[in-house]
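Q: predicted structure and sequence below. I'll ask about it afterward.
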Amino acid sequence: MLFKQQALLRQKLFVLGSLAIGSLLYLVARVGSLDRLQPLCPIDGRFGPRGQDEIPLRALQFKRGLLHEFRKGNATKEQIRLHNLVQQLPKAIIIGVRKGGTRALLEMLNLHPAVVKASQEIHFFDNDENYAKGIEWYRKKMPFSYPHQITIEKSPAYFITEEVPERIYKMNSSIKLLIIVREPTTRAISDYTQVLEGKERKNKTYYKFEKLAIDPNTCEVNTKYKAVRTSIYTKHLERWLKYFPIEQFHIVDGDRLITEPLPELQLVEKFLNLPPRISQYNLYFNATRGFYCLRFNIVFNKCLAGSKGRIHPEVDTSVITKLRKFFHPFNQKFYQITGRTFNW
Ligand code: A3P
């Protein structure tokens, strides 16, 4: 009898204990998320002095829900009107550089509640056919957003296309321009890897990187090779500077965005006059991918597609040395113009 009572008591204690632990775990999770789920507050003065403006974190959840529906075209005109949603021209553009980490930068900035990304590369300013369709066509390609939010698009071809600076200037002479760069030789190899993958997919043969990057007749760096030309950052930037002052550009370190994204993103927030909202919580390292991935909230997170972070082919070290030497003077000029120095 006594034994039975003790067993019953133990059972009761076990149930009570489980309940207590469960409640405690729930409370911990709730408190952890509470500081992220503050009540909705006004979003005016989004571009005002730092620290003064409060961005409702609910906007972030909204972005994943309602705005997503609108983007997919599932919302009625009435809903769009009711929510005061608009398709705005971008206030900032990631103009390049191809393979610098432009997608990662856009996706990471999109973690900010005040930022709305144009998911696709629009290629409005670099493609004559698109450009001929006019600015309204471009605006209609933009996602729906609240008036206080800013739209950002990225089309890395803008950086290297001759006509683009003037065209963007005509749209908005005070636009903010983001350029993400990587060590030029690595960027060139990444560029090559992407093209190579495309050729392989089509069962086409392709030259080795060494053969393309070095002119076999002169044994010098082949400046006609696009992947090399794109990495001469200063040449392209100089064309842009005919239209925009250097203060309108912000240089992002693409190599650091891979290894330590938060400080790079904080610099961009500052440049865009956005209150700091992206935190370490939003970025977690995924060992399987070997990259940082994005955490929007307790349930939604994502990594970039597998096409980002390809394995590069091995390149002859003498070719790498030659390329690094070739880029060196251009890099120096780039540091001088931008005021941002790298160890390339
Ligand atoms: P690799 O594929 O050479 O590694 P872009 O988006 O401009 O095409 O740039 C692609 C590059 O973004 C990738 O080049 C990758 O190194 C880099 N990158 C930076 N952060 C990343 C991230 N969090 N996830 C995946 N790729 C990232």
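A: Everything's here; your move. The structure displayed is predicted, hence computed values, not measured ones.
Q: could you list the buried residues of the helix or strand where residue 321 lies?
A: Under the criterion DSSP states H and E, the helix or strand holding residue 321 is helix 317-338. Neighbour-count burial for helix 317-338, counted by 16 or more other Cβ atoms under 10 Å, picks out 319, 320, 322, 323, 326, 327, 331, 333, 334, 337, 338. Bear in mind the C-beta positions are built from the backbone N, C-alpha and C, glycine included.
Q: packing partners for it?
A: Taking 3 or more Cβ pairs under 8 Å, 6 or more residues apart in numbering; DSSP states H and E as the contact definition, the neighbouring helices and strands of helix 317-338 are helix 184-201, helix 209-213, helix 233-240.
Q: so which of these gets nearest the ligand?
A: The closest approach between the ligand and any of those, judged by Cβ to the nearest ligand atom, belongs to helix 184-201 at 3.1 Å.
Q: who touches the closest one?
A: Under the contact criterion Cβ atoms under 8 Å, 6 or more residues apart in numbering, helix 184-201 has outside partners 97-100, 181-182, 205-206, 209, 212-213, 226-228, 230-233, 254-255, 307, 310-313, 315, 320, 323-324, 327, 330-331, 344.
Q: next, see if that helix gets close to the ligand.
A: Yes - judged by Cβ under 6 Å from any ligand atom, helix 184-201 comes into contact with the ligand through residue 190.
Q: alpha carbons of that helix, as PDB, please.
A: The C-alpha trace of helix 184-201 is given here as PDB (Å, rounded to 0.1, in the frame of the first residue of the first chain):
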ATOM      1  CA  PRO A 184      40.300  41.400 -57.600                       C
ATOM      2  CA  THR A 185      42.000  38.100 -58.600                       C
ATOM      3  CA  THR A 186      39.600  36.000 -56.500                       C
ATOM      4  CA  ARG A 187      36.700  37.900 -58.000                       C
ATOM      5  CA  ALA A 188      37.900  37.200 -61.500                       C
ATOM      6  CA  ILE A 189      38.200  33.500 -60.700                       C
ATOM      7  CA  SER A 190      34.700  33.500 -59.200                       C
ATOM      8  CA  ASP A 191      33.500  35.200 -62.400                       C
ATOM      9  CA  TYR A 192      35.200  32.600 -64.500                       C
ATOM     10  CA  THR A 193      33.700  29.800 -62.300                       C
ATOM     11  CA  GLN A 194      30.200  31.000 -62.900                       C
ATOM     12  CA  VAL A 195      30.700  31.200 -66.700                       C
ATOM     13  CA  LEU A 196      32.400  27.800 -66.700                       C
ATOM     14  CA  GLU A 197      29.400  26.300 -64.800                       C
ATOM     15  CA  GLY A 198      27.100  27.600 -67.500                       C
ATOM     16  CA  LYS A 199      29.200  26.200 -70.300                       C
ATOM     17  CA  GLU A 200      29.400  22.800 -68.500                       C
ATOM     18  CA  ARG A 201      25.600  22.700 -68.100                       C
END
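Q: before we move on, back to that, the helices and strands packed on helix 317-338 into TSV, with extra columns for mean pLDDT and mean neighbour count?
A: Rendered in TSV, the data for those read as follows (pLDDT from 0 to 100; neighbours: other Cβ atoms under 10 Å):
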stretch	mean pLDDT	mean neighbour count
helix 184-201	96	18
helix 209-213	97	19
helix 233-240	98	20
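Q: coming back round to it: tell me the one among the buried residues of helix 317-338 nearest to residue 250.
A: Checking the buried residues of helix 317-338 against residue 250 with Cβ to Cβ, the nearest one is residue 338 at 9.1 Å.
Q: that closest one touches residue 247, doesn't it?
A: No - between residue 338 and residue 247 no contact is recorded; they are 10.8 Å apart, counting by Cβ atoms under 8 Å.
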